[in-house]
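Visitor: Sequence plus the predicted model coming up.
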Amino acid sequence: MEGLRHRFAEMGDIEALRALMRRSISELQDEFLTPAQVEASHMVMGLDAQLIEDRTYYVVEYDGVIVGCGGWSWRATLYGGDDSIVVRKPAALDPGQDAAKIRAMYTNPEFARRGVGKAILRLCEEAARKAGFGRVEMMATLAGEPLYGACGYRSVASLESDVINGVTVPLVKMEKQL
């Protein structure tokens, strides 16, 4: 899509990113999950500010407004955010043996299916490749799985989150050779 610009996320973007994430989870997951699972998703997903500090998190803007975000990591954490119930693992990965992690991909629902997610994936994959990684992996939502499959990722495991308010959230571990 013409007019999209990208840059590294900054700490000053955090509130806008969290608002985008809340809206993305609430509106883009409802086709795939029950209302209770969508609500529980807010406790599984979210922003990991470590990615911003590591300069591995991108925002995509259209006319100066953030319409998407996502990143990659050289750390062991596969998913989860600052406010999620997921235990994060900040240990460094070995590019010669480990997969870089694609993390926290979100799109403004008004910009879904317009190339924002693909643009972020390309940025992340290229950066991971430059850092010496030969493969990447992610924990995808059911809503994101079709996009990632179309971009060459393959499903390697179907999982569920921990029980949150009596429900679990289905997740799909996916990977790709770079």
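Guide: Structure received. Fair warning: this is a prediction, and the values are worked out from it, not measured in the lab.
Visitor: Show me which positions of stretch 142-160 end up buried.
Guide: Neighbour counts over stretch 142-160 (16 or more other C-beta atoms under 10 Å) mark 142-145, 147-148, 153 as buried. Glycine gets a C-beta too; all of them are placed from N, C-alpha and C.
Visitor: Stretch 5-14 too?
Guide: Quick answer for stretch 5-14 (16+ other C-beta under 10 Å): 6, 9, 13.
Visitor: again with stretch 74-87
Guide: Within stretch 74-87, the residues that count as buried by 16+ other C-beta under 10 Å are 74-75, 77-81, 84, 86.
Visitor: still on that earlier bit, kindly indicate which of the buried residues of stretch 142-160 lies nearest L159.
Guide: Closest approach between those and L159, by C-beta to C-beta: L142, at 11.5 Å.
Visitor: which residues does the residue lying closest to the closest one once chain neighbours are set aside contact?
Guide: Leaving aside its sequence neighbours, L142 sits nearest to F32 (C-beta to C-beta, 6 or more residues apart in numbering; 3.9 Å). By C-beta atoms under 8 Å, 6 or more residues apart in numbering, the residues touching F32 are 141-143.
Visitor: The same query, at a cut-off of 10 Å, please.
Guide: Contact analysis of F32 by C-beta atoms under 10 Å, 6 or more residues apart in numbering lists 38, 141-146, 170.
Visitor: do T107 as well
Guide: With C-beta under 10 Å, 6+ apart, T107 has these contacts: 20, 23-24, 27-28, 60, 67-70, 113-117, 120, 143-144, 147.
Visitor: Apply 8 Å and report the result again.
Guide: Taking C-beta under 8 Å, 6+ apart, we find T107 in contact with 24, 28, 67-68, 116-117.
Visitor: I'd like the distance between it and E53.
Guide: 23 Å (C-beta to C-beta, to the nearest Å).
Visitor: what's the burial count for the closest residue to T141 other than its chain neighbours?
Guide: Once flanking residues are discounted, T141 sits nearest to Q29: 6.3 Å by C-beta to C-beta, 6+ apart. Q29 has 22 neighbouring residues, counting by other C-beta atoms under 10 Å.
Visitor: Make sure Q29 is actually in contact with A143.
Guide: Yes: using C-beta atoms under 8 Å, Q29 is in contact with A143, at 5.1 Å.
Visitor: if you look at the contacts of T107, which of them are in helices?
Guide: 24, 28, 116-117 (DSSP state H).
Visitor: which one of these is nearest A99?
Guide: Looking across the ones in helices among the contacts of T107 and measuring by C-beta to C-beta, the closest to A99 is G117, at 19.2 Å.
Visitor: Give me the distance between the nearest residue to the closest one once chain neighbours are set aside and A49.
Guide: If the residues on either side of it in the chain are set aside, G117 comes closest to L147, at 5.1 Å by C-beta to C-beta, 6+ apart. As defined by C-beta to C-beta, L147 lies at a distance of 24 Å from A49.
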